[in-house]
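Undergrad: Show me the folded form of this:
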Amino acid sequence: MSDRAPSPRKQLLLAMGTTLQLITTDNGYLTNAGAGWTLEPAPGDQDTQTVLTAVIEKQQRAESPSKVNTHRLTTVSVIAKVPSDTEAYQQALDDLVTDIEAAMDSREVARNFTDGIQVPVYVGMEPLMPEKASAGWVGVLLTYQSHIPKK
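TA: Residues are numbered from 1 along each chain as shown. Here you go, the predicted model:
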């Protein structure tokens, strides 16, 4: 096993995971989406299983001239799905988006992002609906951006 520190991308995803795992009704959220946190969703996940993950979508030149040589603007997609019956799709979607935004906006989130990693900033949201209405789940993709160190 290597003793080297995880890459800045991995550190960003781990910090987001620490934050998103707090999404449980016991912690005052509307859903228990945090219980489904994984960095490696399995292709065989059941359609109604709760899944919450974050993936690096792209990296590009830092927006700030002072960070161009030291940081990269990194776009991360938070993908979530929760069980839902057909009569409650819109409410389940709204609850899921509300929970993810609240977790990422909480004061506690800043302490999870260290070593020059900027707290991710909200960019946008896109609903993910199953092809069949009877699939039993609803999902969402929320996009965030963060400046992270190159090394």
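Undergrad: C-alpha only now, for contacts and for neighbours.
TA: OK.
Undergrad: Give the next helix or strand downstream of the longest helix along the chain.
TA: Longest helix in the chain by number of residues, with DSSP state H as the criterion: helix 89-105. Under the assignment DSSP states H and E, the closest C-terminal helix or strand after helix 89-105 is strand 121-128.
Undergrad: which residues touch that following strand?
TA: With contacts defined as CA atoms under 8 Å, 6 or more residues apart in numbering, strand 121-128 is touched by L93, V138, G139, V140, L141, L142, T143, Y144, Q145, S146.
Undergrad: now T19: how far from E63?
TA: Per CA to CA, to the nearest Å, T19 is found 25 Å from E63.
Undergrad: Including secondary structure and neighbour count, could the contacts of strand 121-128 go into CSV?
TA: Below are the contacts of strand 121-128 laid out as CSV (DSSP: H, G, I helix; E, B strand; the rest coil; neighbours: other CA atoms under 10 Å):
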residue, secondary structure, neighbour count
L93, helix, 22
V138, strand, 27
G139, strand, 24
V140, strand, 22
L141, strand, 20
L142, strand, 19
T143, strand, 21
Y144, strand, 21
Q145, strand, 21
S146, strand, 21
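Undergrad: quick check: angle from the longest helix of the chain to strand 121-128?
TA: 160 degrees (axes from the mean of the first three to the mean of the last three CA atoms, to 10 degrees).
Undergrad: Of all the residues in helix 89-105, which ones are buried?
TA: Y89, A92, L93, D95, L96, V97, D99, I100, A103, M104, D105 (16 or more other CA atoms under 10 Å).
Undergrad: Kindly state the pLDDT recorded for the last one?
TA: What the model reports as pLDDT for D105 is 93.
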